[in-house]
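S.K.: Coordinates for the following, if possible.
(chains A and B)
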There are 2 protein chains.
Amino acid sequence: MDEFMQVAIDEAKKGLEEGGIPIGSVLVKEGKIIGRGHNRRVQQGDPLAHAEIDCIRNAGRIGKYQGTTIYSTLMPCYLCAGAIVQFGIKKVIAGESKTFDGAAEFMKEHGVEVIDLDIDECKELMEKFIHEKPDIWYEDIGK
Amino acid sequence: MDEFMQVAIDEAKKGLEEGGIPIGSVLVKEGKIIGRGHNRRVQQGDPLAHAEIDCIRNAGRIGKYQGTTIYSTLMPCYLCAGAIVQFGIKKVIAGESKTFDGAAEFMKEHGVEVIDLDIDECKELMEKFIHEKPDIWYEDIGK
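M.R.: Coordinates of the predicted model:
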């Protein structure tokens, strides 16, 4: 397992323990974690607090995103993909895209390298959550 | 002047008074304002706090965005357009797109109606800010 994806999974589990949606994200630059976060829709009552948004926010005003890679346990949706494209994050590593296929094509069209690791643990976290709390999940993706 | 765009402009001015980027936004449903906000990158040290993001966040967990219209004094960027597409906001009314052309085509491709009111006051607010604080503006759009 990629060490940074492991941290993203740890973030997802932290979110689950808090009663939230188990999606975690890590922002990496030059081999170092510069931001980490998880979905906090439930915890903060904030519909925009997707994992990648929380992660980028926690990295603070870094200015240039050149050379950064963002990890997410789930393929980014349009909101998070929009942030990635706008800020010029050029590499995305997703834990899986089976439970939600996200906006991979949109990111690729904008020159972002998108890698899907298809990790069982990431899928199981989401499958269990979607099964137990479908309303919260579909609210999160605007469905 | 559209009454809701006037509120968005008031939000933009509020942001300017706080030392921030003068972009304001309003979320409207059935003729009523359900959220309002402005860019708070500088004020909150949050690179994701674009006006539309702040506005949607302030509306809270409304669940369905059906029938909502979002106003912004400036054409939404990919981050904000991504939120609009993901959450199914079907109408965007922008104050202008001259100082920044945003992601209008992307939103239209996803079935969003995009109207550009091309308002002088919105352009003047941005032109003055970009002239005085170009670094902050280009940081905001990841350039």
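
S.K.: Enumerate the residues of chain A near chain B.
M.R.: A:41, A:45-48, A:53, A:56-57, A:59-65, A:77-83, A:85-88, A:103, A:106, A:110, A:139, A:141-142 (C-beta under 8 Å from any C-beta of the partner chain). To be clear about C-beta, it is placed using only N, CA and C from the backbone, and glycine gets the same treatment.

S.K.: if we go to 6 Å?
M.R.: Contact residues (C-beta under 6 Å from any C-beta of the partner chain) of chain A with chain B: A:45-48, A:53, A:57, A:61, A:63, A:77-79, A:81-83, A:85-88, A:139, A:142.

S.K.: Quick check: the residue of chain A nearest chain B.
M.R.: Closest to chain B within chain A is A:G82: 2.1 Å, counting by C-beta to the nearest C-beta.

S.K.: burial count for that residue?
M.R.: Neighbour count for A:G82, taken as other C-beta atoms under 10 Å in any protein chain shown: 29.

S.K.: Pull the contacting residues for it.
M.R.: By C-beta atoms under 6 Å, 6 or more residues apart in numbering or on different chains, the contact list for A:G82 reads B:Y78, B:L79, B:A81, B:G82.

S.K.: now it: how far from A:G35?
M.R.: 17 Å (C-beta to C-beta, to the nearest Å).

S.K.: Then A:K128?
M.R.: A:K128 is 26 Å from A:G35, by C-beta to C-beta.

S.K.: Which one of the two is surrounded by more residues?
M.R.: Taking other C-beta under 10 Å, A:K128 and A:G35 do not tie; A:G35 has more neighbours (20 against 12).

S.K.: Local confidence estimate at that one?
M.R.: With respect to pLDDT, A:G35 scores 98.

S.K.: could you say which helix or strand contains it?
M.R.: strand A:32-38 (DSSP states H and E).

S.K.: So what's the gap between that strand and the chain middle?
M.R.: Centroid displacement of strand A:32-38 relative to its chain, using C-alpha atoms, centre = their mean, to the nearest Å, is 11 Å.
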